[in-house]
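>>> just to be clear, the model below is a prediction. Sequence and coordinates:
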Amino acid sequence: GGGGGGGGNVAARELRRRTAAIGKENNRLQALLASFMGKYFPQLDADEGEALPHAGGAEPRRASKGPKGKGSKRKAPAGGIAQYFGEVGAAPRSMLTLQEILEDLMNLCVSRPHDPYITLGPRHWAPYTELLLRAGIAIPHATRPDQIKLVDFHL
């Protein structure tokens with residue numbers, strides 16, 4: 001005989017159950033994020049200044065008709081990123097969208113909770129990064145200023 005064989009299986013099952021629940025909640029939150037981002041932060045075409053269909057599947061915004069029937073360019077909606085940064089121009093298509101940055105940050109909180117930082121690179125558009133920092137959504141690493149993570153939210 002030996003002792004203590006079955007206790008480890010119960011703990012492992014509970015850990016797998018909790019991990020699956022966290023993953024499911026993360027997916028639900030990302031779906032809500034996609035809806036919000038499609039409404040308030042549409043992806044903008046760098047050349048045209050027009051809103052494009054957002055990666056989150058929201059309906060694309062269409063250019064409104066001017067008084068003479070010509071299509072006028074539509075800028076980001078009022079209360080969007082322009083409210084914080086003024087006219088900064090649209091992010092080039094090679095840049096990550098704000099939604100993609102947030103999804104990366106959220107996924108790292110789940111997959112690497114011990115080190116949830118992303119390293120900022122040339123594909124991270126500075127106004128989006130600055131928005132996350134100024135709004136208190138993300139914080140910089142204490143010793144590596146090129147890395148950020150989501151703020152720990154305790155509801």
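Sure thing, it's come through.
>>> break down the protein into its helices, ranges please.
With DSSP state H as the criterion, the chain has helices at 7-40, 82-85, 98-111, 126-134.
>>> and these as TSV, adding distance to residue 148 and mean neighbour count?
No exception for glycine: its C-beta is placed from N, CA and C like everyone else's. Compiled in TSV, the helices of the chain are given as follows (distance: least, CB to CB, whole Å; neighbours: other CB atoms under 10 Å):
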stretch	distance to residue 148	mean neighbour count
helix 7-40	17	12
helix 82-85	17	13
helix 98-111	7	18
helix 126-134	7	17
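>>> nearest to residue 152, out of these?
Nearest to residue 152, of all the helices of the chain, is helix 98-111, at 8.8 Å by CB to CB.
>>> circling back: in terms of mean pLDDT, which of the helices of the chain ranks lowest?
The minimum mean pLDDT among these belongs to helix 82-85 (a mean of 47).
>>> and the helices of the chain as TSV, adding distance to residue 120?
Listed next are the helices of the chain as TSV, based on distance: least, CB to CB, whole Å:
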stretch	distance to residue 120
helix 7-40	19
helix 82-85	17
helix 98-111	9
helix 126-134	6
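>>> now residue 126: how far from residue 26?
Separation of residue 126 from residue 26 (CB to CB, to the nearest Å): 27 Å.
>>> for the nearest residue to residue 22 once chain neighbours are set aside, give me its contacts.
In this structure, residue 22 finds its nearest non-sequential neighbour in residue 110, 5.8 Å apart by CB to CB, 6 or more residues apart in numbering. Residues near residue 110 by CB atoms under 8 Å, 6 or more residues apart in numbering: 22, 23, 26.
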